[in-house]
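# Kindly return the folded structure for what I paste below:
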Amino acid sequence: MRIARLCCALLFSGAAFAAQAKMVHKPVEWTQDGTTFHSVLVYDDAVAAKRPGLVMVPNWYGVNDLAVKKAEGIAGKDYVILVTDMYGATVRPASDQQAMAAVKPLYGDRALMRKRVDLALEQLKAQAKDAPIDLARLAAIGFCFGGSAVLDLARSGADVAAVVSFHGALQTDDPTLARQIKARVLVMNGADDKGTMPDADKFMDEMRGSKADWQFVVLGNAVHCFTETDQHSPGCAYDERAAQRSYRLMRDWLRGAFSGTP
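Model prediction:
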């Protein structure tokens, strides 16, 4: 009898384990202007229900293990996330110097940045054939450099419900593009971020020139990189309190954007 009970216990335990999250990492490739990009689609396939799709542009290190891990934590059972390659499959920075070299052409040519992130959104939509993406609920999120990229996605007039920028650069090559924004825009930066906050006033003036529903949140005592768990330098450091608050704000913002509520 004890053996039977044990077998039953193991059977139910195995069934429960099988029902737990199983995160899919699906390679997604495309070519644009002769450059091949290698991104990763992340979602939990233990849930069959369709859910919102998010373009996620990582920090200036691009698509790597840490970026995919971050996407897993955000996705959970709630989202399907495309961890987006903005550089091309052959460019994978391994140092700050290499990352700076990778982002320089995109910051220097914002039309190119918009072109690449716009195509990433189209590639996310295309994944709905096989992945549980609700095409009526699309948004974009970005971190550091990625924050700049998703703000440019919004400025391009992309048809997404929302964009959310975490400690992203705020400047633009053309403030008048804000008139094209259709998305709800949530921007969150650290109060002590010496790299981004000097542009805060200009950014808010830009948003005032738009018809967008926007919010600019300043997180006290936080510097740059506050969501990046591997960063611990004085001006670029993970801050658990700021990170968790910002993720809660993101989820609330996305929920309201997808449902059409305040």
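
# what pLDDT, on average, does the helix or strand where residue 245 lies get?
Using DSSP states H and E, residue 245 falls within helix 240-259. The pLDDT scores in helix 240-259 average 98.

# What residues of it count as buried?
242-243, 245-247, 249-250, 253-254, 256-258 (16 or more other Cβ atoms under 10 Å). No exception for glycine: its C-beta is placed from N, CA and C like everyone else's.

# who does that helix touch, helix- and strand-wise?
With contacts defined as 3 or more Cβ pairs under 8 Å, 6 or more residues apart in numbering; DSSP states H and E, the packing partners of helix 240-259 are strand 133-143, strand 162-166, strand 184-190, strand 214-219.

# and if we set it to 6 Å?
strand 162-166, strand 184-190 (3 or more Cβ pairs under 6 Å, 6 or more residues apart in numbering; DSSP states H and E).

# Now do it and strand 184-190, the angle between them.
180 degrees (axes from the mean of the first three to the mean of the last three Cα atoms, to 10 degrees).

# Next up, the contacts around residue 37.
30, 85, 88 (Cβ atoms under 6 Å, 6 or more residues apart in numbering).

# Mind doing that once more with 8 Å?
29-31, 85-89, 116, 120 (Cβ atoms under 8 Å, 6 or more residues apart in numbering).

# tell me which element it is part of?
strand 35-44.

# Show me the strands paired with that strand, marking each as parallel or antiparallel.
Strand 35-44 sits in its sheet next to strand 23-32 (antiparallel), strand 80-83 (antiparallel), going by DSSP bridges.

# re the thing from before, winner for burial among the helices and strands packed on helix 240-259?
strand 162-166 (a mean of 29; mean count of other Cβ atoms under 10 Å).

# re the thing from before, now which of the contacts of residue 37 would you call buried?
85-88, 116, 120.

# Among those residues, pick out the one closest to residue 189, please.
Taking Cβ to Cβ as the measure, residue 189 sits nearest to residue 86 out of those, at 20.4 Å.

# so how far is residue 108 from that closest one?
14 Å (Cβ to Cβ, to the nearest Å).

# and if you look at residue 164?
For residue 164, the distance to residue 108 - Cβ to Cβ - is 25 Å.

# quick revisit: dump whatever helix or strand comes next after the strand holding residue 37 to CSV, restricted to CA.
Using DSSP H and E, the helix or strand that follows strand 35-44 towards the C-terminus is strand 51-57. Extracted C-alpha coordinates of strand 51-57, given in CSV (Å, rounded to 0.1, in the frame of the first residue of the first chain):
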residue,chain,number,x,y,z
ARG,A,51,-1.5,37.0,-24.7
PRO,A,52,0.0,40.4,-25.5
GLY,A,53,3.1,40.5,-27.7
LEU,A,54,6.0,42.8,-26.7
VAL,A,55,9.0,43.9,-28.7
MET,A,56,11.8,44.1,-26.1
VAL,A,57,15.0,46.0,-27.1
